[in-house]
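Engineer: I'd like to go over a predicted model; first the sequence, then the structure.
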Amino acid sequence: MNLFTNQIDPDKNWLPKEGTVNYFGPIMESTEANRYFQKLWETIPWEHDEVKIFGKHITTKRKVAWYGEKPFRYTYSNSTKKALFWTPELLELKNLIEHLTKKTFNSCLLNLYHSGEEGMSWHSDDEKELKQDGAIASLSFGAERKFVFKHKITKEKVEIVLDHGSLLVMKGKTQTFWQHSLPPTKKVKTPRINLTFRTIEQL
């Protein structure tokens with residue numbers, strides 16, 4: 001998709017109620033997105049995620065990394081991570097996203113999905129360390145994937161296809177009233193890297 005003919009409205013709220021999701025579409029040319037994908041693939045110290053679900057220890061197929069402006073600790077799925085300091089590329093992307101969204105972020109969780117068979121189950125990003133109702137900016141590189149929201153009470157769903165080099169922002173009461181997931185699919189054979197920029201508030 002050509003950035004300059006992109007007709008996506010970044011001010012549109014994709015949720016029908018009780019939350020705000022804005023999709024900017026691709027925010028850079030595909031050649032630039034390719035460069036960032038390759039650099040992240042090669043330089044990030046990716047590790048398999050270690051989580052505990054219903055008391056069972058699970059090692060995920062997808063790989064993760066956790067970065068920030070300080071050695072923030074972040075706990076989700078009964079697993080705690082300590083943030084590494086920003087790389088030059090992550091700082092560049094953070095500055096770009098902050099310029100576009102008019103929001104500030106101090107940390108980033110990175111996920112590497114090797115193919116469409118790796119996904120993310122239903123969840124909300126509502127951990128106690130995160131700024132309440134703070135914006136979360138999701139930047140995607142690589143394979144296009146379907147991203148789905150589900151209302152916690154009504155169960156209504158909203159689907160968005162996330163393009164290579166695209167930005168999606170969740171804010172307001174989104175995490176309170178909605179869950180989101182990345183459904184697995186056998187149709188996608190290529191990898192995807194996702195960066196979710198967040199704001200940690202620690203006492």
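Structural biologist: Arrived safely, thanks for sending.
Engineer: gap between Thr60 and Val21?
Structural biologist: As judged by C-beta to C-beta, to the nearest Å, Thr60 and Val21 stand 25 Å apart. The way it works is simple: take the backbone N, C-alpha and C, and place the C-beta from them, glycine included.
Engineer: higher neighbour count, those two?
Structural biologist: Using other C-beta atoms under 10 Å, the more surrounded residue of Thr60 and Val21 is Val21, with 22 against 16.
Engineer: Can you give me every residue that contacts the closest residue to that one other than its chain neighbours?
Structural biologist: Nearest residue to Val21, sequence neighbours excluded (C-beta to C-beta, 6 or more residues apart in numbering): Trp14, at 4.4 Å. Neighbouring residues of Trp14 by C-beta atoms under 8 Å, 6 or more residues apart in numbering: 21-23, 149, 158, 160.
Engineer: Could you export the residues you listed as CSV, including pLDDT?
Structural biologist: Shown next, in CSV, are the contacts of Trp14 (pLDDT from 0 to 100):
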residue, pLDDT
Val21, 97
Asn22, 97
Tyr23, 97
Phe149, 97
Val158, 97
Ile160, 96
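Engineer: Nearest to Leu100 among those?
Structural biologist: Comparing the contacts of Trp14 against Leu100 with C-beta to C-beta picks out Asn22 as the nearest, at 9.9 Å.
Engineer: thinking again about what came up before, and the residue nearest to Val21, which helix or strand is it part of?
Structural biologist: Using DSSP states H and E, Trp14 is not contained in any helix or strand.
Engineer: Quick one: the strands in this protein, in order.
Structural biologist: Taking DSSP state E as the test, the strands found in the chain are 20-26, 47-53, 56-68, 73-76, 79-82, 84-85, 107-113, 120-123, 136-142, 145-151, 157-162, 166-171, 178-182, 192-198.
Engineer: just those strands: most buried one?
Structural biologist: A comparison of these by mean neighbour count, using mean count of other C-beta atoms under 10 Å, puts strand 136-142 on top with a mean of 24.
Engineer: Kindly provide the distance from the spatially closest residue to Ser181 that is not a sequence neighbour to Lys152.
Structural biologist: Closest residue in space to Ser181, ignoring its immediate chain neighbours: Trp122 at 4.8 Å, by C-beta to C-beta, 6+ apart. Applying C-beta to C-beta, the value for Trp122 to Lys152 is 9 Å.
Engineer: Can you report how many residues neighbour Asp125?
Structural biologist: Residue crowding around Asp125 was assessed by other C-beta under 10 Å; the count is 17.
Engineer: Who is Lys171 paired with across the strands?
Structural biologist: Taking DSSP bridges, one obtains Thr20 as the residues bridged to Lys171.
Engineer: show me the residues around it that make contact.
Structural biologist: Shown in contact with Lys171 (C-beta under 8 Å, 6+ apart): 19-22, 103, 133-136.
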